[in-house]
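Chemist: the following comprises the amino acid sequence and a computationally predicted model.
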Amino acid sequence: MPVEVLSTETPALLRAAVSRAAERLRAGEVVGVPTETVYGLAANALDPAAVARIYAIKGRPAHNPIIVHVASPDMARACASAWPPLADRLAAAFWPGPLTLVLPRTPGIPDIVTAGGPTVGIRWPQHPFMQGVIRACGFPLAAPSANLANRLSPTNARHVVDQLGDQVPLVVDGGDCNVGIESTVVDLTAGVPRILRPGMIDEPALRAASGGTAGGRGAPEPERPDDTAPRRSPGLLDRHYAPRARLAVLTWRDDAGLLTQMQRLGARPESTFVLAHHRMPQVVPPSQVILIPDDPEAFARALYAQLHLCDAAGAAWILVEALPDTPAWAGISDRLRRASRPA
């Protein structure tokens, strides 16, 4: 059957989409949904069979947990067995928004959501559709990105349909995501709070909101073929967020330097695309050079969409100009680092 795509362009269409999606979710189905970060593949977080459909559609490893999305502080607290004062401070500063808090789970959160681990990631999304549909359902939604495992996250409804096809019978079109990469994840369960996955809420902002206690990176969790221990957060696999094309992050001073690196990689100019924000090269056709603003928020909004376009154009290589090494760019740098790892 063809995929049903519902618009939310007007208040009436938004209400109709919320009603239709809530009906499907209450029936235990999976729905493609917009959030402000990336598009998600949503199911009732309290229904193990519904969540299992998410894993099956994505081909998601069983040890990779799923974030639970809520629509109120009370719903968030109902998912956690402990709620420290710092959770209140961070929620007050950044919710609704692109921040996920990792806390001890309650028995009501199914094992499949947490990959069998003792903690759960909780987020209150900002997107009006997500807020409306969670309230209409009356239960939290498990909603990882609506893509195949380890592949590029979608930032519009077309990306979802193109990648998942008729495996998801209903996709809600909420427009382009206005954040563009996945949420910042902060672990509040291990004494000193740690950032497990950087995002567009950066370390200085977290420290300011928490009185200086939240921030710092957690220990890296390299992915190994025999390592199936539950992760504390999504986004910790070694290779993730990857386009079909090979991706490399490079620094160059001039065209000669870039061409030398391309030759070393085996990247042929006719099948190589370049994402630049400062130095515009002339070693590939002009149509294969994509300028992204030299601003972290604008860059994040554009990144995945441009990588999708490169894939659609048949790119064999995507070369990304190296980013500034500052906290504001940390989330984007993390995504590019994982996307550049070999399959």
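Modeler: Right, received. Where do you want to start?

Chemist: every contact and neighbour count from this point should use C-alpha atoms.
Modeler: Fine.

Chemist: kindly export stretch 254-263 (C-alpha atoms) in CSV.
Modeler: Only the C-alpha atoms of stretch 254-263 are listed here, as CSV (Å, rounded to 0.1, in the frame of the first residue of the first chain):
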residue,chain,number,x,y,z
ASP,A,254,44.3,25.7,-1.3
ASP,A,255,43.1,23.5,-4.2
ALA,A,256,46.4,21.8,-4.6
GLY,A,257,46.3,20.6,-1.0
LEU,A,258,42.7,19.4,-1.4
LEU,A,259,43.5,17.6,-4.7
THR,A,260,46.5,15.8,-3.0
GLN,A,261,44.2,14.5,-0.2
MET,A,262,41.5,13.4,-2.8
GLN,A,263,44.1,11.4,-4.7
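
Chemist: how about it: buried residues?
Modeler: Buried residues in stretch 254-263, defined by neighbour count with 16 or more other CA atoms under 10 Å: 258-259, 262.

Chemist: and if you look at stretch 312-319?
Modeler: 315-319.

Chemist: one step back: looking at the buried residues of stretch 254-263, which is nearest Asp166?
Modeler: Using CA to CA, Met262 comes nearest to Asp166 of the buried residues of stretch 254-263, at 38.0 Å.

Chemist: wait, is the closest one part of a helix?
Modeler: Yes: checked against DSSP: H, G, I helix; E, B strand; the rest coil, Met262 lies within a helix.

Chemist: doesn't Phe273 make contact with it?
Modeler: No: assessed by CA atoms under 8 Å, Met262 is found out of contact with Phe273, at 11.1 Å.

Chemist: for the nearest residue to Leu14 once chain neighbours are set aside, phi and psi?
Modeler: Spatial nearest neighbour of Leu14, excluding adjacent residues (CA to CA, 6 or more residues apart in numbering): Thr8 at 4.1 Å. Dihedral pair for Thr8: phi -130, psi 30, per degrees, to the nearest 10.

Chemist: okay, now Thr8: neighbour count?
Modeler: 19 (other CA atoms under 10 Å).

Chemist: how near is it to Cys137?
Modeler: Distance from Thr8 to Cys137, counting by CA to CA, to the nearest Å: 18 Å.

Chemist: how about Ala298, what does it touch?
Modeler: Applying CA atoms under 8 Å, 6 or more residues apart in numbering, we find Ala298 in contact with Ile292.

Chemist: and if we set it to 10 Å?
Modeler: 178-180, 292 (CA atoms under 10 Å, 6 or more residues apart in numbering).

Chemist: PyMOL command for the buried members of those residues?
Modeler: Entered in PyMOL, the line below selects the buried ones among those, by 16+ other CA under 10 Å:
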select buried, resi 178+179+180+292
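
Chemist: which one of the contacts of Ala298 is nearest Gly212?
Modeler: Val179 (24.8 Å).

Chemist: my guess is the closest one meets Pro34, correct?
Modeler: No: contact status for Val179 versus Pro34: not in contact, 11.5 Å apart, counting by CA atoms under 10 Å.

Chemist: hey, what's in contact with both of those two?
Modeler: With CA under 10 Å, 6+ apart as the test, Val179 and Pro34 both reach Thr155.

Chemist: what is in contact with Met262 and Phe273 at once?
Modeler: By CA under 10 Å, 6+ apart, the residues touching both Met262 and Phe273 are 317, 319.

Chemist: quick one, helices of the stretch 101-250 of the chain?
Modeler: 111-114, 128-137, 157-164, 203-210 (DSSP state H, counting those that start in this stretch).

Chemist: and the first one, what does it pack onto?
Modeler: Helices and strands touching helix 111-114, as assessed by 3 or more CA pairs under 10 Å, 6 or more residues apart in numbering; DSSP states H and E, comprise helix 48-58, strand 119-123.

Chemist: quick one: the last one to chain centroid distance?
Modeler: It stands for strand 119-123. On the basis of CA atoms, centre = their mean, to the nearest Å, strand 119-123 sits 14 Å off its chain's mean C-alpha point.

Chemist: then stretch 157-171?
Modeler: 16 Å.

Chemist: ok, stretch 115-124 next?
Modeler: 15 Å.

Chemist: and Val18, helix, strand or coil?
Modeler: Applying three-state DSSP: Val18 is helix.

Chemist: next: the one 4 residues further on.
Modeler: Recorded secondary structure, Ala22: helix (three-state DSSP).
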